[in-house]
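1. Requesting a structural model of the entry that follows:
(8 chains)
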Protein chains: 8
Amino acid sequence: MTWTVYLSGEIHTDWRDQIIAGARRLNLPIEFTSAVTDHAASDAAGDMLGPESSGYWRDHKSSRVNGIRTRTLLQKCDIAVVRFGDRYKQWNAAFDAGYCAALGKPYITLHDEDIVHPLKEVDASAMAWAETPAQVVEILNYVIHA
Amino acid sequence: MTWTVYLSGEIHTDWRDQIIAGARRLNLPIEFTSAVTDHAASDAAGDMLGPESSGYWRDHKSSRVNGIRTRTLLQKCDIAVVRFGDRYKQWNAAFDAGYCAALGKPYITLHDEDIVHPLKEVDASAMAWAETPAQVVEILNYVIHA
Amino acid sequence: MTWTVYLSGEIHTDWRDQIIAGARRLNLPIEFTSAVTDHAASDAAGDMLGPESSGYWRDHKSSRVNGIRTRTLLQKCDIAVVRFGDRYKQWNAAFDAGYCAALGKPYITLHDEDIVHPLKEVDASAMAWAETPAQVVEILNYVIHA
Amino acid sequence: MTWTVYLSGEIHTDWRDQIIAGARRLNLPIEFTSAVTDHAASDAAGDMLGPESSGYWRDHKSSRVNGIRTRTLLQKCDIAVVRFGDRYKQWNAAFDAGYCAALGKPYITLHDEDIVHPLKEVDASAMAWAETPAQVVEILNYVIHA
Amino acid sequence: MTWTVYLSGEIHTDWRDQIIAGARRLNLPIEFTSAVTDHAASDAAGDMLGPESSGYWRDHKSSRVNGIRTRTLLQKCDIAVVRFGDRYKQWNAAFDAGYCAALGKPYITLHDEDIVHPLKEVDASAMAWAETPAQVVEILNYVIHA
Amino acid sequence: MTWTVYLSGEIHTDWRDQIIAGARRLNLPIEFTSAVTDHAASDAAGDMLGPESSGYWRDHKSSRVNGIRTRTLLQKCDIAVVRFGDRYKQWNAAFDAGYCAALGKPYITLHDEDIVHPLKEVDASAMAWAETPAQVVEILNYVIHA
Amino acid sequence: MTWTVYLSGEIHTDWRDQIIAGARRLNLPIEFTSAVTDHAASDAAGDMLGPESSGYWRDHKSSRVNGIRTRTLLQKCDIAVVRFGDRYKQWNAAFDAGYCAALGKPYITLHDEDIVHPLKEVDASAMAWAETPAQVVEILNYVIHA
Amino acid sequence: MTWTVYLSGEIHTDWRDQIIAGARRLNLPIEFTSAVTDHAASDAAGDMLGPESSGYWRDHKSSRVNGIRTRTLLQKCDIAVVRFGDRYKQWNAAFDAGYCAALGKPYITLHDEDIVHPLKEVDASAMAWAETPAQVVEILNYVIHA
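-> Below is the predicted model:
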């Protein structure tokens, strides 16, 4: 059995690479999926359908094109890992967590201790809170192989 | 027919009161629901089940008690209004939006223009973006009475 | 028991009024619901959230505001009646029929015989095809009171 | 991961071939599915179960046989592309769009600009509106490979 | 709380009346629903939409009109009672039982002992098998009031 | 893509073999599934869990063991073919049809013309009515390959 | 809005009465529901359908009759309270908790501290763990009125 | 077709090994899954996320980590076998049974005769009750190969 793990959230650090490398080292049978993580490409996703003069509609159009990918991959994953960094709002990560919660899809949050309080609702619906990518790998290993 | 409208998000300004007052003025047949909006009471929701020494578990326990209310009311509402203010992370608001999106429940976002970009995924799944409580009332009036 | 019947489609003839009047004459316990049928108001539904320079986005914004109403009412109805007239494309009526089909919600089509062929897929998923509002009333009376 | 893309709508131009060829050129891992696109065969689908004297019932019988294929493939696809041409009513295309919308299945519309207004409800629930098959291919490439 | 009980199956004996009368005598808070039980009216349900020359299509058309009523009432009921008499095929009763089973809706079968073997699959998914209307009333009383 | 077709109903003639042989001849990519069709084995399915003195409970126990197989296979199939012969009650076939109808799973009925009237509700929810196994094969071929 | 609270589990102490009395004192708008709590009556629920010689089948028959009540009430409740006492296995209480968890229905466990470890899976899916009926009332009051 | 069978419950005897060995001997195409059955590892599942001073929260944290595995595997299985031994409370086994019941997932209970009465609700929703692992293997063989 292959597990599918969706990696949601922060795109400014290499947490995804660390988790993927850690899982490879352990030969975990995981297919990792993710939103488009190239910020500029993601913001421009709608541009291939023609330019927009309004920033709001450019964002809207790009977000909906990105949604074709993210909704499909979220619905297909077995587990999601949702990462909150120390910068930016990352409302899309919290949005993905809520989406998973409504689907009954288990997710793990990954964030530092200093944002525990504002993330309490997101954490309360999570199956686990990890502070490091290594812990996420450890959990995935346990969940799959223990 | 009575409509149920859930008011999610920011608790530091009086946007809920403005929407409720506006809807009353128009005699809209709406039952408004909401999470507990008394911040201290909400943070202490789990305390009635005994004290916790760890901040994380106090938050966890309180958030789950609050979840009894919020999940039930979100699932029962016809429409949600999700408010993002200019302070705080408000990840719970984005979480509620994702929860609604997964349930196919229509929601309206309410926020200023300067946070359009970080909210693009949340807005892209919304049925409307309003900048003022008065606009929300106008939409509710149109949706129900037009 | 009160039945809820959603009236979808054409807005240029008085078929809705005929069905409602016919049902009243028979004292049928029906609450009729419908999209906003004032064409200009419907096209302008998004304008209360600010003007748009692009026709496409004005349509998009208005259609999503209208969707708050139509999705909710479609999901709440027991039966839908979907009317196709002899003018205009009326793709929204066919869209509503597909929406009902996916939800397992029974619907009745109302249209003339000369458009039977292009409507064959829509009719094949319908529970009945009526040619006049009077027939729809007769069916509703039978379904509820027989 | 292989993606399944359902191609719905117009059967009088070669838009399906263009999309399939474009996707092949890029080696996209897509399985394309579709309703039966041979118009005469589709209209005659029910004839193998015996002849009908009434045109309505012949259409009905054929449409339901076709539905065995289309419902199954629509429910199995990851993404649908819904094409509206400049001729014919194509109510079945709008029906498929409504069906996808109710299932929360992402779809892309493909049509010229001059029918933006009558398609506004169908477009408002779409994740993207494309004007050319090449744009659809570009989106699929982005969604899968970006 | 009012309970809704759907009475499905045989229309040639007065079992429905016995159950309804028994429930009234005990003042049980039950709303009873049912398919149209006037055989001739039920067979002619489609005739109001125009005559058919083929017996098959007349049956088809009438059955779909009747389905508007039966599907809605089955989906709304809390409990179904499915009656099999000693004459006729009564495949529609077994169909209703299968429909309830798929929805997770509890049903009680009502039939004589001599048809236990051919009804074994239908009974195996039932919550109870009763031999007399009086037993059904006794169960309903227990379920609601005990 | 492989299709899964569940063959439900009559076990006294070789209609299953005819369909399977016909599909093989055309190399159709179909996996056929079915209930246990050995009548004695099916009636004795519960005996491996110990003997029963009551015929009713032996039937009940065997039917539930058989249900482990039939429910799973029905839920996994893409299409069901439901066969009614000219002997026996075959309520389990009608039960399976109702089960499919509630799941929105397309099914084809297979029966002679002389039982059209008692099967009208079962046929009205079917996607097609065939009179011979050859016609079923023809439909499957069309649905998959056309 | 009236809330429906299902009280599941132990029947040998008066915890249900304490919660109901506490809720009345606070005028909470709650309709309490429950399985049949008269042990002898519950064990005999199937006897009205005829006697059984086997203890297993008497239990089976009674449990399924009781299931008509419990499944319906569990599915209709907003919140469940699941009580584990210090005697007996109470597997039905844990069963109800699992049933709620699968439906996404929030539940509160009520039990002493000394059985925390064997209940860890049941508690981990609960929204709260209370040790006294008074705490349950306090939570219900907070959830409804805060 | 490969079947997936989830083995839930007691971890102190070798019933899992017996079933797996029996199925291998018959070459049954079954993938067996299970919760983590190493008691100490299971209790410590949350420790990799940091130590807890409270026993309750350690249990809670570990149970939720284990839930990532068990929920996913339960949702993916075709059949569950739920084992109750003669020691310990095994509330998690009853919880899993309730979870399966709500999902309409067939399960087989495996336990001695002397606990038939306290397990009556759990058994009443099961498709079969077996007393030995050999009987379970016999049923699986019948269900898959008969």
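2. Show me what from chain A comes close to chain D.
-> Contact residues (CB under 8 Å from any CB of the partner chain) of chain A with chain D: A:31, A:33, A:36, A:38, A:41-42, A:45-46, A:48-50, A:61, A:64-65, A:67-69, A:71-72, A:76. C-beta here means a position set from N, CA and C on the backbone, and glycine is covered the same way.
3. if we go to 6 Å?
-> With CB under 6 Å from any CB of the partner chain as the criterion, chain A meets chain D at residues A:36, A:41, A:48, A:49, A:64, A:65, A:67, A:68, A:69, A:71, A:72.
4. quick one: the strands in chain A?
-> Applying DSSP state E to chain A gives strands spanning A:3-9, A:30-34, A:79-83, A:107-110, A:128-130.
5. In chain A, what residue spans correspond to helices?
-> Assigned by DSSP state H, chain A shows helices spanning A:15-25, A:39-43, A:55-76, A:91-103, A:120-124, A:133-145.
6. re earlier: got the residues of chain A next to chain D as a markdown table, with pLDDT and neighbour count columns?
-> Listed next are these as a markdown table, based on pLDDT from 0 to 100; neighbours: other CB atoms under 10 Å in any protein chain shown:
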| residue | pLDDT | neighbour count |
| --- | --- | --- |
| A:36 | 95 | 19 |
| A:41 | 95 | 14 |
| A:48 | 96 | 19 |
| A:49 | 97 | 21 |
| A:64 | 98 | 23 |
| A:65 | 98 | 26 |
| A:67 | 97 | 21 |
| A:68 | 98 | 24 |
| A:69 | 98 | 26 |
| A:71 | 96 | 22 |
| A:72 | 97 | 19 |
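7. These: which ones sit near chain B?
-> Near chain B, by the rule CB under 6 Å from any CB, you find residue A:64 out of these.
8. which of the residues of chain A next to chain D lies closest to residue F:143?
-> residue A:72 (25.5 Å; CB to CB).
9. Wait, residue A:89 touches residue B:118, no?
-> Yes: under the criterion of CB atoms under 6 Å, residue A:89 is in contact with residue B:118, at a separation of 4.2 Å.
10. Tabulate the strands of chain A in a markdown table, adding columns for distance to residue G:122, mean neighbour count and mean pLDDT.
-> Conversion of the strands of chain A to a markdown table gives the following (distance: least, CB to CB, whole Å; neighbours: other CB atoms under 10 Å in any protein chain shown; pLDDT from 0 to 100):
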| stretch | distance to residue G:122 | mean neighbour count | mean pLDDT |
| --- | --- | --- | --- |
| strand A:3-9 | 26 | 23 | 98 |
| strand A:30-34 | 29 | 18 | 98 |
| strand A:79-83 | 22 | 25 | 98 |
| strand A:107-110 | 21 | 26 | 98 |
| strand A:128-130 | 18 | 23 | 98 |
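11. Now that we have those, can you turn them into TSV and tack on distance to residue H:18?
-> TSV is the format used below for the strands of chain A (distance: least, CB to CB, whole Å):
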stretch	distance to residue H:18
strand A:3-9	28
strand A:30-34	31
strand A:79-83	31
strand A:107-110	35
strand A:128-130	33
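12. Among those, which comes closest to chain G?
-> Among the strands of chain A, strand A:128-130 comes nearest to chain G, with 11.1 Å by CB to the nearest CB.
13. hmm, who's touching the closest one?
-> Residues outside strand A:128-130 that contact it (CB atoms under 6 Å, 6 or more residues apart in numbering or on different chains) are A:108, A:109, A:110, A:123, A:136, A:139, H:49, H:65.
14. Out of the strands of chain A, the one nearest residue D:11 is which?
-> strand A:30-34 (34.1 Å).
15. near chain H, which residues of chain A?
-> Looking at chain H, the residues of chain A close enough under CB under 6 Å from any CB are A:78, A:106, A:127, A:128, A:130, A:135, A:138, A:143, A:146.
16. Let me know the closest of the residues you listed to residue H:24.
-> Here the nearest of those to residue H:24, counting by CB to CB, is residue A:146; it sits at 21.9 Å.
17. Contact partners for the nearest residue to residue A:142 once chain neighbours are set aside?
-> In this structure, residue A:142 finds its nearest non-sequential neighbour in residue H:45, 6.2 Å apart by CB to CB, 6 or more residues apart in numbering or on different chains. Applying CB under 6 Å, 6+ apart to residue H:45 gives the contacts H:62, H:65, H:66.
18. how about those in a markdown table, adding distance to residue B:57?
-> Output for the contacts of residue H:45, formatted as a markdown table (distance: CB to CB, whole Å):
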| residue | distance to residue B:57 |
| --- | --- |
| H:62 | 14 |
| H:65 | 15 |
| H:66 | 18 |
